[in-house]
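**Student:** Task: produce atomic coordinates for the following.
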Amino acid sequence: MNRSVSCPAAACFLGLSCLTMAETPAPKPMISEDFESTAVGQIPAGFTKNGAVGVVDDVAHSGKHSLRMDPVERGARNIVKKGPELATLGGEHWGRLYFKVKLPVPAPVVPEGKNFAVIHSTLVSGKATSPLFNDPIEVRMMGMVLGSKDGAFQYLYNVQPSKRKEFGAGSKYRFHYTDEWTLAEWHIDAATQTYRFYINGEEIPECTVNKGAGKFEGAEIPTVFDSLSFGWTNYQAAGAGFTAWIDDLAVGKERIGPLPGAGAAPQK
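**Tutor:** Residues are numbered from 1 along each chain as shown. Next comes the predicted model:
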């Protein structure tokens with residue numbers, strides 16, 4: 001809880017504002033969901049869903065509830081937000097969620113004659129219209145690509161147009177899935193065509209996109225999203241599939257940061 005500190009007499013004598021002596025209030029998200037008020041097996045009010053996804057009460061980052069994505073070979077298990085909040089967010093927002101994954105995760109199947117394969121997954125994305133080509137696009141603000149060597153994956157930002165080749169920016173294959181809660185944050189800004197991504201408070205610089213005002217190629221960040229999706233989608237076959245959970249989801253105009261009193265696990 002944020003509390004104002006008392007204003008010392010010396011500060012007032014010097015003419016300093018007591019407001020500057022107070023802690024900065026936590027920014028208020030426009031979309032905020034801890035899943036605590038949602039019944040088990042359901043999804044939060046104001047969202048629609050794709051696939052096998054629902055609230056559970058046996059795993060949580062905070063409180064007692066989280067959103068579980070059940071395992072399937074491939075496809076979407078997510079909740080989708082539409083509505084006036086997205087128009088208010090416009091082309092810039094900060095997002096935050098905590099996630100964890102059941103271990104062991106499925107491994108990519110390497111085709112005969114090849115020496116490498118991947119499973120590309122998305123946890124956060126938005127549907128929109130490209131500011132460059134005026135065609136439908138999906139902007140994937142939190143993606144991962146699991147490789148077939150050492151069980152390592154990369155984080156990435158990528159954009160999937162409906163009829164054009166996808167593009168993006170990603171880290172090296174240097175991360176491993178964990179069954180500990182991990183804090184993920186992203187920032188997206190249409191005015192400067194900028195994207196930034198953070199894990200447990202640490203920026204992942206290889207994922208950064210910073211093209212500059214009016215320079216849409218290689219970024220295509222829209223001025224407004226038609227929808228935002230949160231969950232798990234994998235595009236290649238993943239055997240028995242991924243089981244994963246998300247909790248303490250928040251999206252707003254300012255950086256929201258970690259949930260007070262709930263630590264994030266170190267990335268392995």
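**Student:** Roughly how far does the residue nearest to residue 243 when sequence neighbours are not counted sit from residue 59?
**Tutor:** In this structure, residue 243 finds its nearest non-sequential neighbour in residue 102, 3.8 Å apart by C-beta to C-beta, 6 or more residues apart in numbering. For every residue, glycine as well, the C-beta is placed using N, CA and C. To residue 59, residue 102 is 9 Å away according to C-beta to C-beta, to the nearest Å.
**Student:** now residue 143
**Tutor:** Taking C-beta to C-beta as the measure, residue 143 falls 23 Å from residue 59.
**Student:** of those two, who's got more company?
**Tutor:** With neighbours defined as other C-beta atoms under 10 Å, residue 143 and residue 59 compare such that residue 143 has more, 24 against 16.
**Student:** Next up, the contacts around the more buried one.
**Tutor:** Going by C-beta atoms under 8 Å, 6 or more residues apart in numbering, residue 143 touches 120-123, 125, 155-158, 168, 170.
**Student:** can you tell me which of these are in strands?
**Tutor:** 120-123, 125, 155-158, 168, 170 (DSSP state E).
**Student:** pLDDT, neighbour count and distance to residue 237 added to those, as TSV?
**Tutor:** Below are the ones in strands among the contacts of residue 143 laid out as TSV (pLDDT from 0 to 100; neighbours: other C-beta atoms under 10 Å; distance: C-beta to C-beta, whole Å):
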residue	pLDDT	neighbour count	distance to residue 237
120	98	19	11
121	98	23	12
122	98	23	16
123	98	22	19
125	98	26	20
155	98	24	22
156	98	21	20
157	98	26	24
158	97	20	20
168	97	18	22
170	98	18	21
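**Student:** Looks like residue 118 contacts residue 108 (just checking).
**Tutor:** Yes - under the criterion of C-beta atoms under 8 Å, residue 118 makes contact with residue 108 at 5.4 Å.
**Student:** Give the intersection of the neighbour lists for these two.
**Tutor:** Taking C-beta under 8 Å, 6+ apart as the criterion, residue 118 and residue 108 both touch 146-148, 236.
**Student:** are any of these buried, and which?
**Tutor:** Listed as buried from the shared contacts of residue 118 and residue 108 are 146-148, 236; burial here means 16 or more other C-beta atoms under 10 Å.
**Student:** any chance of those residues in TSV, with secondary structure, distance to residue 260 and pLDDT too?
**Tutor:** Below are these laid out as TSV (DSSP: H, G, I helix; E, B strand; the rest coil; distance: C-beta to C-beta, whole Å; pLDDT from 0 to 100):
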residue	secondary structure	distance to residue 260	pLDDT
146	strand	32	98
147	strand	36	96
148	coil	40	92
236	coil	38	96
